[in-house]
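Chemist: Whatever this is, show me its structure:
(chains A and B)
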Amino acid sequence: LAKTTQPISMDSYEGQEVNITCSHNNIATNDYITWYQQFPSQGPRFIIQGYKTKVTNEVASLFIPADRKSSTLSLPRVSLSDTAVYYCLVGQNQAGTALIFGKGTTLSVSS
Amino acid sequence: GAVVSQHPSWVICKSGTSVKIECRSLDFQATTMFWYRQFPKQSLMLMATSNEGSKATYEQGVEKDKFLINHASLTLSTLTVTSAHPEDSSFYICSASGAWGGHGHEKLFFGSGTQLSVL
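Modeler: Numbers count the residues shown, from 1 in each chain, chains lettered A, B, ... in the order given. Sure thing, here's the model as predicted:
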């Protein structure tokens, strides 16, 4: 399973755009990139998933360059409620395949 | 989105007793479920992979006789912490693998977690 590297922590203010970059240099051809959000004492919540180029949904965008060795989660106009730990995971997401969590990025949003 | 229900959300027990945690996939069939544990300020650590109708596969260092996993149906997996001790106090999270929106690849959906405190 591809190992991921993310910043340990990031700080932001309300209303700003936050970009969290994840490195996954040995990503395999069949691997997808998935981002999860976790609040204290809760299970992780799926944010977005992509394979290449750009993916956008109602909460975030995911940018993946052509070599797929990194990815950037973009959160537009963050609010205090976006304070959480964000995990970047890489894996095949096939039935029976677990996802291995790295250390994640703790995002702190201030007013 | 898919829903995974986990109960109880928290439990306090005496040392030496056993505790059962349930994980249910409410609106999809989960062939495979996973159990994680998480200590404060740390990431999730995979404990075991549970396939319906077969024995669970445990990660290295996880005692299978202490953490009993049963996956009797496509919608229910249970984790029983046997003879619990204070060092077993942790946040336990289950997840289920299921198809998402017909895109062909699967995602993991997580339960809300169970905080176990062993006195």
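Chemist: got the buried residues for stretch A:77-88?
Modeler: By 16 or more other CB atoms under 10 Å in any protein chain shown, the buried positions in stretch A:77-88 come out as A:78, A:82-88. C-beta coordinates here come from the backbone N, C-alpha and C atoms, glycine included.
Chemist: Which ones among those lie within helices?
Modeler: Judged by DSSP state H, helices contain none of the buried residues of stretch A:77-88.
Chemist: Adding distance to B:Ala56 and pLDDT as columns, could you present those residues in TSV?
Modeler: Formatted as TSV, those follow (distance: CB to CB, whole Å; pLDDT from 0 to 100):
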residue	distance to B:Ala56	pLDDT
A:Val78	39	97
A:Asp82	35	97
A:Thr83	35	98
A:Ala84	30	98
A:Val85	27	98
A:Tyr86	29	98
A:Tyr87	23	96
A:Cys88	27	95
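Chemist: Point out where chain B drops to low pLDDT.
Modeler: Scanning chain B for pLDDT under 70 picks out B:1, B:98-106.
Chemist: how much space between B:Gly113 and chain A?
Modeler: 5 Å (CB to the nearest CB, to the nearest Å).
Chemist: burial measure for that residue, as a count.
Modeler: Residues near B:Gly113, counting by other CB atoms under 10 Å in any protein chain shown, number 24.
Chemist: who touches whichever helix or strand A:Thr106 is part of?
Modeler: Assigned by DSSP states H and E, A:Thr106 falls within strand A:105-110. Here strand A:105-110 makes contact (CB atoms under 8 Å, 6 or more residues apart in numbering or on different chains) with A:6-14, A:18, A:20, A:75, A:78-88.
Chemist: Restricted to strands, list these.
Modeler: Among these, the ones falling in strands (DSSP state E) are A:9-13, A:18, A:20, A:75, A:84-88.
Chemist: Now do the contacts for the residue in chain A positioned nearest to chain B.
Modeler: In chain A, the residue that lies nearest chain B is A:Gly43 (3.5 Å; CB to the nearest CB). Applying CB under 8 Å, 6+ apart to A:Gly43 gives the contacts B:4, B:6, B:93-95, B:110-113.
Chemist: likewise A:Tyr87?
Modeler: Counted by CB under 8 Å, 6+ apart, A:Tyr87 has contacts A:6, A:35-38, A:44, A:101-102, A:104-105, B:43-44.
Chemist: All good on my end, thank you.
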